[in-house]
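Undergrad: Pasting a predicted model and its sequence here:
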There are 2 protein chains.
Amino acid sequence: MESSHYLETLRAVINAQLDRLSDYPAAVPPRLKEAVRYSLLLGGKRLRPILTLASAEMAGGNRAEAIPAACALEMIHTYSLIHDDLPAMDNDDLRRGKPTCHVRFGEATAILAGDALLTEAFAAVARTTDASLRAPMTAVLAEAAGVFGMIGGQTDDVIGEKNLSGGSAFEDRLTLLRSIHRRKTGALITAAFRLGGLAASAGEEQLLALETCGEAFGLAFQITDDLLDVTGNEKLLGKRVGKDAALGKLTFPGLLGIDESRAEAARQVEAGRRALDVFADSPAKSAVVEILESTLTRKK
Amino acid sequence: MESSHYLETLRAVINAQLDRLSDYPAAVPPRLKEAVRYSLLLGGKRLRPILTLASAEMAGGNRAEAIPAACALEMIHTYSLIHDDLPAMDNDDLRRGKPTCHVRFGEATAILAGDALLTEAFAAVARTTDASLRAPMTAVLAEAAGVFGMIGGQTDDVIGEKNLSGGSAFEDRLTLLRSIHRRKTGALITAAFRLGGLAASAGEEQLLALETCGEAFGLAFQITDDLLDVTGNEKLLGKRVGKDAALGKLTFPGLLGIDESRAEAARQVEAGRRALDVFADSPAKSAVVEILESTLTRKK
C-alpha cells in the first residue's frame, strides 16, 4: 500500500484537512485542543478516510464533496480509540507507539477530547459543500457510530462477551464474534465506502456494491487485527499485543485457529474485490483493490 | 411552571418521544439500552426540549418539526450529565435523586451510554420530517455541543479554572466564570431557542430575538444553579449540594455574594423577557415567559 503515489496523495490531503479542522482558535481551551490534536494528528493509517475518497473517485465523483465525511470518519475512529483505551474500558497505555491520550493528559481531558471529536465529526459533515449531501451523510455516520453500529459492538466486546466466551457452543460464539466485529469495526468501514458513494451521487447498484465490499473488507480487517494481536510485533504495531488473550476476549484465531483465520480473511478479501466488478477500471479502483489485498500481509 | 397545562402537555409529548427513540430493538445490547434509558427517562425537567417546542410555536411553527431537535437536545444534555458525573470528572454519586449512571452500571457502560446518547442525538435530527431543516439543525447542535460550546466550557470548568480561582483579579475571574457558563450551560439553552426558531422557519429578526433570550436565560439559569448549590435542599434537588465550594469552583455567589447573584439573575430574566417583545402574545409565549420567571424561584 505504501508504494502507491495515489494513496500517498490521498493521505496527505486528509492529514492537511484534519490539521486545519482541529486548528481551533484561542477561544477553545488549549489543553482540549492539544489532546484532540495529539490523538488525531500524530500517526494513523487513515484507512477509513482514504477509502471514502477513493470510493468517491471510483464511483465517478470528486474528492471535494467526500473530504468532510472522510475527516468525520477519522475523527469518530479516533474518539473511539481514546475512549476504548480508558482505564474503565481496555486500559491501554500505548497507541500508535505513544502513550494513550489519558496517560498523557489525564482521564478527564481524554473523555472530553473523545466527546469533542465525536461532536466535531458531525460539525464537519454539516459543512459539506453540496447542502443536499449533508443530511444523508449525517444519517449514515450516526447509524454506523451509534447503538446499532460501533457503540453496540463495543459494548458487547467490553461487557457482553464474557457471558459467552466460556462454556457456550462454538457456533454461538462464532456468531457473536462476527456480530461484534460487524458492528465494532465493520460498521465504520462500511460507512467509509458508502459515504464515498454518496459523495459521488452513486446509483443504488453502486452503493450496494460499495457496502458489500465494505462489509467483507471490514471483516477481513478485523480478522487480521486479531491475528496481529497473536503474531504481531509490538514495535511495528505501536500498541500492546497479547491483550485479547489476557482479557479472555473472543477472537478469530482463538475460535478458528491461525490458519483457518488467515483463510477466512483471504475469502473475505476476494469477496470484497469481486463486489467492485461493477466499477470501471481507474486509478481509484486499483488503489481500493490494493488496500483490500494489503490487509492479508499487513504488519500494523 | 408546574401549574401550566400547556407545559405539562409539552413535557408529556417529549417524554413519550424520548421513550420511543430509546426503545431500541433486541439487536442493541440490553445493558446499553438499560443504561441509556435509566439516565434519559427517569426524571429531568425537560427544560431544553420544552423551550424548543414552545419557541417553535411562539414563532408560528408547529411541534412536529421541532420535536426531533428537542429530543436531540435532551439526549445531549443527558450524555453530558453522565460523563460529567464520572469519577474522573465531578465524581458525583447522585443525580435526579438516584445513583448516577456509573454507580448503577459501572464506568465502562456509563462512558458508552454517554457516547451512545450523543451519537443518537444526531441520528434523531437526521430524521426531521422537513429534509431542508436537517443540516442547519445538525450544525446548530454540533456548534452548541462542541469545542466552542459545551465541551469547551466543561473543559475550562473541570480543568482550566484552577489557574484563576486563587489569586487572579476579580474582573478576570468574573470574565472567565461568565465565559464558562455561556459555553457549558448557555450554549445548549441558546440552541434550544434557536432550534425552535429554525423549526418554525423564523426570520432573522425572530432568530436573533430567540438567541438573545436564550443567552440571558442561560446565564440566569446557571446563576440560580450556583445559588442552589449554596442554599438548596439536597432532597429536592436530587443531587449533592456544597460541591462547588468543596471543589474550589468559581461560582457567582462565591464571586458576587448571594444577594448580588440574585439581582444579576433577575436582570438577566428581565432582559430575556424583553427580547421576546417581537413575538405576538400566545399560549406558547406565556409559557416561555413563565419558564423564565420561574428560574428566580426554583427549588430544583
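TA: Now that the structure is in, tell me what you want to look at. Because the structure is predicted, anything quoted here is derived from the model rather than measured.
Undergrad: List the buried residues for the longest helix anywhere in chain A?
TA: What stands out as the longest helix in chain A, according to DSSP state H, is helix A:204-231. Under the neighbour-count criterion of 16 or more other Cβ atoms under 10 Å in any protein chain shown, helix A:204-231 has A:206-207, A:209-230 buried. C-betas here are computed from N, CA, C, even on glycine.
Undergrad: Now for A:Leu237: which residues touch it?
TA: Neighbouring residues of A:Leu237 by Cβ atoms under 8 Å, 6 or more residues apart in numbering or on different chains: A:228, A:299-300.
Undergrad: if we go to 6 Å?
TA: By Cβ atoms under 6 Å, 6 or more residues apart in numbering or on different chains, the contact set of A:Leu237 is A:Lys300.
Undergrad: Next, work out how far apart A:Arg37 and chain B are.
TA: 11 Å (Cβ to the nearest Cβ, to the nearest Å).
Undergrad: Helix, strand, or coil at that residue?
TA: Here A:Arg37 is helix, with the state taken from DSSP: H, G, I helix; E, B strand; the rest coil.
Undergrad: Hmm, A:Asp23 and it touching each other?
TA: No: contact criterion Cβ atoms under 6 Å: A:Arg37 and A:Asp23 do not qualify, at 8.0 Å.
Undergrad: Any stretches of chain A with poor pLDDT?
TA: Along chain A, the model assigns pLDDT under 70 to residues A:1-3, A:160-167.
Undergrad: Report the contact partners of the nearest residue to A:Thr109 once chain neighbours are set aside.
TA: In space, and not counting its chain neighbours, A:Thr109 is closest to A:Ala35: 4.9 Å by Cβ to Cβ, 6 or more residues apart in numbering or on different chains. Going by Cβ under 6 Å, 6+ apart, A:Ala35 touches A:101, A:105, A:109, A:113.
Undergrad: didn't the first one look like it was pressed against A:Ile82?
TA: This means A:Cys101. Yes: contact criterion Cβ under 6 Å: A:Cys101 and A:Ile82 qualify, at 4.6 Å.
Undergrad: got any residues that touch both of those two?
TA: Taking Cβ under 6 Å, 6+ apart as the criterion, A:Cys101 and A:Ile82 both touch A:39, A:110, A:113.
Undergrad: Helix or strand: which one has the last one?
TA: Here A:Ala113 sits within helix A:107-125, counting by DSSP states H and E.
Undergrad: Could you name the helices and strands sitting against that helix?
TA: Judged by 3 or more Cβ pairs under 6 Å, 6 or more residues apart in numbering or on different chains; DSSP states H and E, the packing partners of helix A:107-125 are helix A:30-41, helix A:63-85, helix A:101-105, helix B:131-145, helix B:150-155.
Undergrad: Can you list the buried residues in the second one?
TA: Translated: helix A:63-85. A:63, A:65-85.
Undergrad: coming back round to it: between the contacts of A:Ala35, which is nearest chain B?
TA: Nearest to chain B among the contacts of A:Ala35 is A:Thr109, at 6.3 Å by Cβ to the nearest Cβ.
Undergrad: contacting residues for A:Asp244?
TA: A:229, A:251.
Undergrad: Repeat the analysis, applying 8 Å as the threshold.
TA: Contacts of A:Asp244 (Cβ under 8 Å, 6+ apart): A:226, A:229-230, A:251, A:254.
Undergrad: Does it fall in a helix, a strand, or a coil region?
TA: helix.
Undergrad: name the helices or strands packed onto the strand or helix carrying A:Gly197?
TA: According to DSSP H and E, A:Gly197 maps onto helix A:187-199. Judged by 3 or more Cβ pairs under 8 Å, 6 or more residues apart in numbering or on different chains; DSSP states H and E, helix A:187-199 is in contact with helix A:47-58, helix A:63-85, helix A:131-145, helix A:150-158, helix A:204-231.
Undergrad: chain center to that helix, what's the gap?
TA: Computed by Cα atoms, centre = their mean, to the nearest Å, the chain-centroid distance of helix A:187-199 equals 11 Å.
Undergrad: Kindly report the same for stretch A:51-63.
TA: 17 Å.
Undergrad: can you tell me how far the nearest residue to A:Gly60 once chain neighbours are set aside sits from chain B?
TA: Leaving aside its chain neighbours, A:Gly60 sits nearest to A:Ala200 (5.4 Å; criterion: Cβ to Cβ, 6+ apart). Distance of A:Ala200 to chain B, computed by Cβ to the nearest Cβ: 19 Å.
Undergrad: same question, A:Ala126
TA: Distance, A:Ala126 to chain B, using Cβ to the nearest Cβ: 4 Å.
Undergrad: can you check A:Phe279 too?
TA: A:Phe279 is 28 Å from chain B, by Cβ to the nearest Cβ.
Undergrad: which ones are touching that residue?
TA: A:58-59, A:206, A:209, A:285.
Undergrad: Kindly report the same for A:Phe105.
TA: Counting by Cβ under 8 Å, 6+ apart, A:Phe105 has contacts A:31, A:34-35, A:38, A:113.
Undergrad: Recalculate using a threshold of 10 Å.
TA: A:31-32, A:34-36, A:38-39, A:82, A:99, A:112-113, B:159 (Cβ atoms under 10 Å, 6 or more residues apart in numbering or on different chains).
Undergrad: now swap in A:Glu143 and tell me
TA: Going by Cβ under 10 Å, 6+ apart, A:Glu143 touches A:149-150, A:187, A:191, A:194, B:119-120, B:122-123, B:126.
Undergrad: Can you say which helix or strand has A:Val147 in it?
TA: Going by DSSP H and E, A:Val147 is not part of any helix or strand.
Undergrad: before we move on, what about A:Asp172?
TA: Per DSSP H and E: helix A:170-181 holds A:Asp172.
Undergrad: now the residue in the stretch 151-300 of chain A positioned nearest to chain B: how far from B:Ser286?
TA: Here the residue of the stretch 151-300 of chain A nearest chain B is A:Thr155; by Cβ to the nearest Cβ that distance is 4.3 Å. According to Cβ to Cβ, to the nearest Å, A:Thr155 and B:Ser286 sit 44 Å apart.
Undergrad: got it, and A:Ile50?
TA: 55 Å.
Undergrad: quick one, which of the two is more surrounded?
TA: A:Ile50 (27 against 15; other Cβ atoms under 10 Å in any protein chain shown).
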